[in-house]
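Participant: fold the following and give me the result.
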Amino acid sequence: MRIPVIITRAKTTAVAGTILLAGLTVPPPAAGPAIAQTPHARIAAVYAIRFAGLKLGKFKFWSNLNAESYSMRGKGSLKFITGLLFEVEGGTTTTGAVTKTGPQPSSFTFDFKTKKRSATLAMMFEGNAVTQVLARPPFSDSSKVIPVTAAHVKGVLDPLSAIFFTARTAGGDAGKSVCPGRIPVFDGRQRFDLLLSHKKTVKVKKRGKGGYRGVAVICKIKYIPIAGYKPDNSGIQFMAASDDIEVWLIEVPRKAMYVPYHVIIPTPYGTASATSTALQIEFPGEEKISIIR
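Facilitator: Got it, this is the predicted structure:
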């Protein structure tokens, strides 16, 4: 049984771009008490996007989480190297419920446009599964693609939903307890897992005005393709073989809570990265915390 796809023909999203967005994710909180301890919070962040050492654009992100629900939106613009990628502007949103077992998306949208084309993607969820995918222009079919089944899209997160569900320490330990976790992701076309594990903890030195200075926990991310891709795709093979995908997490003061600061994604053409240049968190009844400004 395949997932219901309203329109089934369109160009696939670049693998590195999808992982870069999902790479701004960290493990969802553990089931049970950890969910109840997650505070009501609002986050506003800006990430500078670089490719092969060149600053190509930025991604702005806003989120709102309470004990029962969450909503997030992001928008960005990138100017990629001609011949490799392209100039693109886009946005993404997601909404969902906070449950005892973790985040449960209800809807996800993604759109982008270039000088020559535009595209939109929408996914609907019911319970813990994707029930509908709408793509314009439609996806292209190929017998070489490993089919996505209904079983593949149960208990998954969209690429944006894990962003707000920040990592937490176990008993205040900022070591290995921050990273371990497997994130099941479906981006509307491809089903994959992101497996996070602790790599090391480093001290970040602030450069120039603004920026972040302090401790960062580095999690290695292993990309594991499952379905919705061609096994002979060289980009997929490269990403799956890589051990150099990373997300750097920094602590929210007094909250034992971590948020993404820096993401590194190697590609066959060079290294892509996203680094936060502004990061503010607001808890009701408290002063706004500016971690990076």
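
Participant: contacts only, for the nearest residue to residue 128 once chain neighbours are set aside.
Facilitator: Among residues not flanking residue 128 along the chain, residue 155 sits closest, at 5.0 Å (C-beta to C-beta, 6 or more residues apart in numbering). In short, each C-beta sits where N, CA and C put it, glycine included. By C-beta atoms under 8 Å, 6 or more residues apart in numbering, the residues touching residue 155 are 128-129, 184.

Participant: and the least confident of those residues?
Facilitator: Scanning those for pLDDT, the smallest score is found at residue 128, 82.

Participant: what's near enough to touch that one?
Facilitator: Going by C-beta under 8 Å, 6+ apart, residue 128 touches 104, 154-155.

Participant: helix/strand/coil for residue 94?
Facilitator: With DSSP: H, G, I helix; E, B strand; the rest coil as the basis, the three-state label of residue 94 is strand.

Participant: after the strand or helix carrying residue 105, which helix or strand is next?
Facilitator: Following DSSP states H and E, the helix or strand that holds residue 105 is strand 102-113. Following strand 102-113 in sequence order, the next helix or strand is strand 118-126 (DSSP H and E).

Participant: what residues sit buried inside that next one?
Facilitator: For strand 118-126, burial by neighbour count (16 or more other C-beta atoms under 10 Å) applies to 119, 121-123, 125.

Participant: pLDDT check: weakest of those residues?
Facilitator: Confidence by pLDDT is poorest for residue 119 among the buried residues of strand 118-126, given 90.

Participant: list the buried residues for stretch 278-293?
Facilitator: Buried residues in stretch 278-293, counted by 16+ other C-beta under 10 Å: 278-279, 281-282, 289, 291-292.

Participant: most widely separated two among those?
Facilitator: 282 and 292 (14.3 Å; C-beta to C-beta).

Participant: where does the stretch 51-200 of the chain have low pLDDT?
Facilitator: Segments of the stretch 51-200 of the chain classed as low confidence (criterion: pLDDT under 70) are 80-87, 162-177, 180.

Participant: okay, strands next: where are they in it?
Facilitator: 54-65, 69-79, 87-99, 102-113, 118-126, 129-136, 167-168, 181-186, 191-204 (DSSP state E, counting those that start in this stretch).

Participant: most packed of those strands?
Facilitator: Most buried of the strands of the stretch 51-200 of the chain, by mean neighbour count (mean count of other C-beta atoms under 10 Å): strand 167-168, with a mean of 22.

Participant: tell me who's in contact with residue 48.
Facilitator: For residue 48, the contacting residues are 55, 57-58, 274-277, by C-beta under 8 Å, 6+ apart.

Participant: please disregard the earlier target; I meant residue 191.
Facilitator: By C-beta under 8 Å, 6+ apart, the neighbours of residue 191 are 148, 152-153, 156, 184-185, 225-228.

Participant: if we use 6 Å, what do you get?
Facilitator: The neighbours of residue 191, taking C-beta atoms under 6 Å, 6 or more residues apart in numbering as the test, are 148, 152, 226-228.

Participant: if we can go back for a sec, JSON lines please, covering the strands of the stretch 51-200 of the chain and showing distance to residue 41.
Facilitator: Output for those, formatted as JSON lines (distance: least, C-beta to C-beta, whole Å):
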{"stretch": "strand 54-65", "distance to residue 41": "6"}
{"stretch": "strand 69-79", "distance to residue 41": "10"}
{"stretch": "strand 87-99", "distance to residue 41": "12"}
{"stretch": "strand 102-113", "distance to residue 41": "14"}
{"stretch": "strand 118-126", "distance to residue 41": "23"}
{"stretch": "strand 129-136", "distance to residue 41": "27"}
{"stretch": "strand 167-168", "distance to residue 41": "13"}
{"stretch": "strand 181-186", "distance to residue 41": "20"}
{"stretch": "strand 191-204", "distance to residue 41": "21"}
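
Participant: residue 42: which of these is closest?
Facilitator: Closest to residue 42 of those is strand 54-65 (C-beta to C-beta; 5.1 Å).

Participant: tell me the strands beside that closest one, with direction?
Facilitator: strand 41-51 (antiparallel), strand 69-79 (antiparallel) (DSSP bridges).
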